[in-house]
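1. Here's my sequence, what's the structure:
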Amino acid sequence: MRIITCCIALLLLIAGPASAQWTVEYQRGNSDTNRGVVFPSASIGYIVGDGGLVLKSTDAGVTWVQQTLPVIDTFYGVFFKTTTEGWAVGDNGTIVSTTDGGTTWTEHAQSGVICGTSDINAICFVGSLGWFGSDDNRVYGTTDNGATWDTLGTFTDDVTCVSFADANNGYVSLDGAGIAYSTDGGATWTAASVNLGPYPYTRTDIERIFTIDATTAVASGWGSMVGHQPTILVVSYDAGATWNVPSTGYEWASYAYGYGISMFDDGEVIVVGGGSGFAAPNIHSGATYANWSRVQEFYGDDLRAVATVPGTNTVVAVGDGGCIGRSTDRGQTWSYYSDPSFGFAGVSRFAHDGTTTYAVGTSGTFMKKEAGSDWTQPVVISPNGYAPNFKNVYASGGTIFVSGGYDYLAKSTDGGATWTEMYPVTALADGIYGMSWLPNGRGVLVGERAGEDVIYLTEDGGVTRTEIWWNVKSAQFNCVHFARGQSRFGVIGADNIAFYYTFDGGDTWTQGTEDIVSTSNDIEKIFMVDSYTAWAVGDNGTIAKTTDSGVNWLQQPAWTTTIELMDVHFNTLNGHGYIAGNDQTARQSKDGGVTWTNMSPILEGPSDDINAIYLNGETNKLYIGCDQTMIQYWDNSPTGDTPMGLPFVLNQNYPNPFNPSTTISFTLDRDGFVSLNVYDVAGRAVATVLNKSMTAGSYDVGFNASGLSSGVYFYKLRTAEQEMTKKMILLR
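-> Below you'll find the model as predicted:
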């Protein structure tokens, strides 16, 4: 008998001078996986999962209560013959049972003995007859209601599922070795003929089998192909002898395994799954199981099991991150009992708009926090069966953009309640990894197309876009940034230590020069402080800086040569900077990046990564987004920062030299009276460009020098508090 132990993972924030100021603002409530679910009646249900977890519901899955178990092994399978008599099986040959509806559980005498330390994956009963499948390539049976178990069959691979329609007809699924069927209660087994269609699989795994009746059954799983790991669905109408793919119903070119199957009272079947960080499929059958259709996608890595509630349209699906999803309309819409951010393995980026902060991350996760409330996760629209890893979020004036893998771009104008796909998922080798949005709907989108670096321009808020760069160099653009309040000066960071800059709002781009020794590291994030200064971070501790708008980049001193740095953020007003990276890296600089000191956040594991760092100018909180779905903040400004505002900046005119017209751009940090005049080398005013009251913001104004001769001129921007002068050259 195993020792009764309660293992609950808790985050410990260690008190001390370095870490005391960090506060965990959000963390996924349960990082374990729920792996099995069953409803023996219209009100009573059970869930099993990691660490000996068993949950019970008495209200059709609305609420769940944890039960006390004598083991801490992970459970993979659960079966209830009645509302009170049930079994759970799992790691290390674990077998437990209850006869009082889960109030007490007993570990079986053959638990951990009959199949040694091999995992037991599934169990089922028909009356007093029972069967379970194990990773020792065997199926076991009982004829005395589970009192004793004996070997019934040996196969060439793990038995992932066992399912019987009656005392005679049953099936087993084999990990990588297909399906076998029995017509004599499991005494003998025959390999089934499985037709997977004309697809070039290099490997196939059948994960689950569900018996409809004595002759009909449905099996699901996944297959490996070049670039894909698609859902597999096969149906048998002859008691398991032959299995064929249905006519329609699921996308082969997708990463979406079939892990769980259940059936409504009228015979409709629902299949759920997941895999590789993409949307878990929710696929429904037609009446004859020949036609299938996707209904609603979950976001997260995997759904492991699903169960319908007898006599209702309710269905419960469970999976990674402690997810428990419940639908009362057969999967058309879902609510969540536990944290719905399952699969949200890391926060990628932050943004802020008004009183709301946004965060995006892996597996299509989008979260928001309004002032005075907790973090919530509105459902992002279903992107054609995928949940792309979101790389960026932008929010301004009530409009939110998210972008990421698979060329994905979506926009919301109602706080994330509804979304419009500007570019839905199209290609596996495409992605929008960086975006900057400028005034009047102009946007610069960077990433990869067909494995190469690409730049797009849009003038209508993403509705249409124009490809202006596609460079065949087996790389990708990872980030783009324009200084706050600037619409002309921008920089791009790319793989293999490559930088690009623009002086014309993204119309044209030129590669910058750099002095970084290694050319194989990738630039992960760029932050443009103003029109001239920008910082970049990347692989192996790379830190770089430009002071001439991206034309030249100089490597900066770093504290590491091994850690991948993921994000950099500077406060425009005082030059305080922050860097985030792998292995719990969070550093700050109080001297403009000359030195960096450790801010010592405490994560669950030493190898957990900090993917994003962001100073919220409205709340004055420094946020970090971490692995394990964690968001922390350091309140009251770690370096005495003040909220970041617009700078007072006069940019270099463009083009320069010019003939006869040029554009002068500038940013005002406050409302007031503004003058912009042009002077010759003798200091005489030769033209007045502006002379009026203006509000804070960024502006582009044209200047036509048709009446002037060739030569050097100066233009001066002046307000009541400050002024700035630049030189221009007119060449005729």
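2. Could you say which helix or strand holds the nearest residue to residue 680 once chain neighbours are set aside?
-> Closest residue to residue 680 apart from its sequence neighbours, by CB to CB, 6 or more residues apart in numbering: residue 686 at 5.3 Å. C-beta: built from backbone N, CA, C; applies to glycine. Element membership of residue 686, judged by DSSP states H and E, is strand 685-694.
3. Quick check: next helix or strand after that strand?
-> Next along the chain after strand 685-694, taking DSSP H and E as the criterion, comes strand 697-704.
4. mind listing what that following strand pairs with, with the direction of each?
-> Applying DSSP bridges to the sheet, strand 697-704 is found paired with strand 661-668 (antiparallel).
5. Run the angle between the strand it pairs with and strand 685-694 for me.
-> 40 degrees (axes from the mean of the first three to the mean of the last three CA atoms, to 10 degrees).
6. ok so, going back, quick one, what contacts the residue nearest to residue 680?
-> By CB atoms under 8 Å, 6 or more residues apart in numbering, residue 686 lies in contact with 678, 679, 680, 708, 713.
7. I'd like the distance between it and residue 728.
-> Using CB to CB, to the nearest Å, residue 686 is found at 12 Å from residue 728.
8. Pull up the overlap in contacts between the two.
-> Common neighbours of residue 686 and residue 728 (CB under 8 Å, 6+ apart) are 678, 713.
9. that older thread, of the contacts of residue 686, which is the most crowded?
-> Neighbour counts for the contacts of residue 686, by other CB atoms under 10 Å, peak at residue 678, which reaches 21 neighbours.
10. That residue pairs with what?
-> residue 687, residue 715.
11. just use 40 as the starting number from now, easier for me
-> Happy to do that; since the first residue is 40 now, the last one works out to residue 717.
12. Just the pLDDT for it.
-> With respect to pLDDT, residue 717 scores 97.
13. who's in contact with it?
-> Residues near residue 717 by CB under 8 Å, 6+ apart: 724, 725, 726, 727, 728, 742, 744, 752, 753, 754, 767.
14. for residue 156, same thing?
-> Remark: with contacts taken as CB under 8 Å, 6+ apart, residue 156 is in contact with 131, 132.
15. how close does it sit to residue 169?
-> For residue 156, the distance to residue 169 - CB to CB - is 21 Å.
16. Residue 131 too?
-> Per CB to CB, residue 131 is found 20 Å from residue 169.
17. higher neighbour count, these two?
-> Set residue 131 next to residue 169 and count neighbours by other CB under 10 Å: residue 169 wins out with 24 against 16.
18. quick one: the residue nearest to that one when sequence neighbours are not counted from residue 192, how far?
-> Spatial nearest neighbour of residue 169, chain neighbours left out: residue 181 (4.4 Å); criterion: CB to CB, 6+ apart. According to CB to CB, residue 181 and residue 192 sit 14 Å apart.
19. Kindly report the same for residue 442.
-> Residue 442 sits 51 Å away from residue 192, going by CB to CB.
20. Please say which of the two ends up with more neighbours.
-> It is residue 442, of residue 442 and residue 192, that has more neighbours when counted by other CB under 10 Å, with 29 against 20.
21. May I have the secondary structure class of that one?
-> Three-state call for residue 442 (DSSP: H, G, I helix; E, B strand; the rest coil): strand.
22. wait, what's in contact with it?
-> Residue 442 touches 429, 430, 431, 448, 449, 471, 472, 473, 474, 484, 486, counting by CB under 8 Å, 6+ apart.
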